[in-house]
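> Structure for the following, please:
(chains A and B)
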Amino acid sequence: MSGLDLAERALGAAEGDEALALVHSERSGMARFAGSAVHQPTLIENEVVELQIVRDGRLGIASVNRSDDEGLRVLAERAAEAADSAPADPDFPGLAPPAQPPPVEGYDEETAALTAEEQARLAAAAINASDLDLYGFFTSGVTEMALMSSTGLAVSQPMTDVAVLALAAVDGASGYAEQTGWRLADVDPAEAATEAVEKAKLTRGAVELEPGSYPAVLEPPAFAELLAYFAYDAFGALGLVEERSFAFDKLGQRVFDERFSLADDALDPRGLPKAFDFEGTPKQRVELVEDGVLGGVVWDRVTAKRAGNGHESTGHAPPSSLRNWGPLAFALSVAGGEAESAEQLAETLGDGIYVTRLHYLSIVDPREGIVTGMTRDGTFRIRGGKIADPLVNLRFTVAVPEVLAELPGLTREPVLLNHNAYYDDRYATGLLSPAVATARFDVTGVGSGPGV
Amino acid sequence: MRELCEHAVAAALGAGASYADARGVVRRAQVVGTRNQRVERLDDTESEGIGVRVLVDGAWGFACDRRLDNEGAEAAARKACAFAKAAPGGQSRELASVEPARGEFRTKIERDPFAVPLADKVELCLRAESALGHESVKVTSAAVRAQREHKVFVSSEGASIEQELVECGGGIDAMAASDGITQMRSYPSAHGGLSSQAGWEFVESLGLEREAPRVGEEAAALLRADPCPSGITTLVIDAEQMQLQVHESVGHPTELDRVYGTEAAYAGTSFLKPDDLGSLRYGSEHMNITADATTPGGLGTFGFDDEGVPAGRVPIVQEGILKGFLTSRETAARIGSGSGGSMRADSWSRMPLVRMTNLHLEPSEGSLDELIAGVDTGVFLRTNKSWSIDDKRLNFQFGTQVAWEIKGGKLGRMLRDATYTGQTPVFWGSLDAVAGADEWRLHGLTNCGKGQPGQHAHVSHGTAPARFRNVQVGFKQ
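Numbers count the residues shown, from 1 in each chain, chains lettered A, B, ... in the order given. Take a look at the predicted model:
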């Protein structure tokens, strides 16, 4: 049974003024390994049906992962009870109208057909390519999202995703690499492992660094993660509407280096394409920053209605479990620059630090965009324009707007970074990011050395 | 469901497994959340399925299926075995011996949270939110939650267990903003409120509406407060922030799977080594940490873990010396000590991992006021705001929503944007007092992440306010 067929049956069970059914199915496998042996394999088969029922302007939501008639009856009963329990919201925008989602790529038959045995063999390809102990995973999945509503909406999209994460590590040395895409052909587990090993071998003998402000080269995994933490709040409409976010009083102002341009673009085939959001609204590319000028934020129907002033959804409604975050920029895309490589960025800086990957970020102040975290698995000193002595993991506490205020360079080609820890239902997202050189990266302490 | 799990285990053994266990789980959860007097979330979710874990020639396999019927159980068992047979790596795994358990466990509750009308929950949130109101407060929010999990565990060794765990909780937040400054206050805890394994009586006991005016006023007052100055000073940390301190700098480092490196690629490892057991000085003599899966009301309380090991109470740190690890049957066998008891999965679709249960900082004596009275110059910190720790759990930096200056043994002006940082054993070595049992509180959190695919664990920490000397607040100047 297709997702739309199941959504139609769920709608048939609903009693309300309006209703929307969302079906999310998943078949996935993850071969997670440590010390070059698989220790946490997980093969998942699931299909979740969510029903949103509207009664007198009141919205109730329920979900089950059953598709039998009794399961759908219980689902409809609970969604109706939820709707009846809520006071009417004068700003409720109603359900999304029918719309034709844009054509997108993002589905690959070969990836969808991978079996458990093949997923294990692809993990083995990474492990066998490493002469150091390897930690990480190979994962692939096929998912489908289908939405149908009483307002005439009927959209569905099958999606595939694949990722390999490789951490080559021994006592006192570790290196990291990752590859992700929506086609199996996008990733080469052995290549990722080899890159991680080469990086790890450079990290032996790491030394400490005096806290202070340093110019820095951030490889794509490091820059993308830092940007994502900032973007959660800064580039969503909820914080703007509530007059509390970084973007609230800065739209239209040049706040970053003019070399920095950022969009949210789920339609880009280089990313993990999505055709519509969790309200069923077609995805739009949104220019968040153009040549350093803060251009806009992403919207869903709820925030657009609340803001008024002609705002419309840009197709960024979150899943119902994340409604408290408001609309989310799930497909950040940083425009590339002129540099051919991260090594060339190091030459540009002359002196500074080189960061491969970050760890355990936390938002210290969302309004100021202050984020703290650690570097790991490949942190180096840059001396004389060359990547030099390895460093221990560094504690940083940075105001992201200050990091973005002066970017001496960015690499030409953005790469796709996996942005999933695969909690809850699988909805694969990624970021397109180049490596960047920044004039300011604030190191506030030192931590453990590289390695396990 | 017991028969279904037995069927899955039989299917796994038939497919070549030397060991198999099956967990059938039905979980229902409700979340009611309001924000600025609008209903933001009114969700009722139910998820069910079966997860089958196998060992084939020493290799793990795990597969799951949402279908609670023979077809789903057999499919999961077959796929788990097929993966294990193809799994790479030199595989050799042993499990610590345990007596196959047969039994039941149910949370003791006074009022079923699912019998409370949703409309009442909405009304409670709106009333509490309304009481948060203040001129400078831009965002008010309130939320309550409830969860019931019914699960059956069957193993090829003969274990057969049925459990029903019920939990609920709630909290309120006020966010004030003015002149480019944004500040938050929460009650009774940040990041989603406070939860307990209990019935609806727990939510009623929180007094959300009663506490709301103070919370709103403190959020507004923070806009006018001075930033917390940097420097090395004495800290008195409230019980709620202490739960985060225990969680991040003691709980995770003592998970024995992390010590052996299995989380290296994601959540990180540990500065501890297996042979540190019994000898490593973790902190001062005032530091006593216990893992207790039997604590009434704890989110990590159960009759049996997800490997079928009975709940127990284990010393982790005694008078500052490392005395125990949190273990699975596999890691316990590897270290030759204990028999597991800390394996938990966040759903039917995830493989169990070594997780915290309820990890407590044992109380000592005295009151919070007495801790503060013993400080000439220092800072009192309350309610977590930010948290980060390195991949071996050594360097940490935590921030709190609010702080107060301590001068001459008394609280002074309110301070905002306080952070403190340290190295785990050095920091715990600076512990010079823990308040007594009257100040000890059980804190339940629901957002502990680990594993790939990711899993959220619900864990509790009993803590009392504590005092630390010579700690770096803010950054070195």
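> okay, CA-based contacts and neighbour counts for the rest of this
OK.
> partners of B:Gln397 in the sheet?
Bridge pairing for B:Gln397 (DSSP bridges) gives the partners B:Ser388, B:Thr421.
> If you could redo that for B:Leu326, that was the one I meant.
Beta-bridge partners for B:Leu326, by DSSP bridges, are B:Glu255.
> and the longest helix along chain A, anywhere near chain B?
Using DSSP state H to define each element, chain A has its longest helix at helix A:69-85. Yes: judged by CA under 8 Å from any CA of the partner chain, helix A:69-85 comes into contact with chain B at A:Arg78, A:Ala79, A:Glu81, A:Ala82, A:Ala83, A:Asp84, A:Ser85.
> Which residue does the stretch 351-477 of chain B have closest to chain A?
B:Gly454 (4.3 Å; CA to the nearest CA).
> if I look at the residue nearest to that residue when sequence neighbours are not counted, how far off is A:Phe92?
What sits nearest to B:Gly454 in space, not counting adjacent residues and going by CA to CA, 6 or more residues apart in numbering or on different chains, is A:Tyr423, at 4.3 Å. The gap separating A:Tyr423 from A:Phe92 is 29 Å, by CA to CA, to the nearest Å.
> With A:Lys386 instead?
Separation of A:Lys386 from A:Phe92 (CA to CA) stands at 57 Å.
> State the number of residues packed around residue 273.
Looking at chain A here, since you left the chain open. A:Pro273 has 27 neighbours, counted by other CA atoms under 10 Å in any protein chain shown.
> my bad, chain B
The number of residues packed around B:Lys273, counting by other CA under 10 Å, is 14.
> Surely it is in contact with B:Asp257?
No: the criterion here is CA atoms under 8 Å, and B:Lys273 misses it with B:Asp257 at 11.0 Å.
> got the residues of the stretch 101-250 of chain B near chain A?
Residues of the stretch 101-250 of chain B lying close to chain A by CA under 8 Å from any CA are B:Leu118, B:Ala119, B:Val122, B:Lys138, B:Val139, B:Ala177, B:Gly180, B:Ile181, B:Thr182.
> can we see that at 7 Å?
Proximity of the stretch 101-250 of chain B to chain A, by CA under 7 Å from any CA of the partner chain, involves residues B:Leu118, B:Ala119, B:Val122, B:Lys138, B:Ala177, B:Ile181, B:Thr182.
> what about B:Asp275, neighbour count?
9.
> in a helix, that's where it is, yeah?
Yes: secondary structure of B:Asp275 (DSSP: H, G, I helix; E, B strand; the rest coil): part of a helix.
> Am I right that B:Leu277 is in contact with B:Lys323?
Yes: B:Leu277 is in contact with B:Lys323 according to CA atoms under 7 Å; the separation is 5.7 Å.
> Looking at those two now, which is surrounded by more residues?
The residue with more neighbours, out of B:Leu277 and B:Lys323, is B:Lys323; 22 against 17, by other CA under 10 Å.
> Pretty sure the more buried one sits against B:Ile316.
Yes: here B:Lys323 reaches B:Ile316: they are 4.9 Å apart, a contact under CA under 7 Å.
> ok, which stretches of chain B are helices?
Using DSSP H, the helices assigned to chain B run over residues B:2-14, B:70-86, B:118-132, B:201-205, B:208-224, B:239-246, B:256-259, B:329-335, B:368-373, B:424-429.
> Residues contacting the fourth one, please?
Right, the one you point to is helix B:201-205. B:Glu110, B:Arg111, B:Cys168, B:Gly169, B:Gly170 (CA atoms under 7 Å, 6 or more residues apart in numbering or on different chains).
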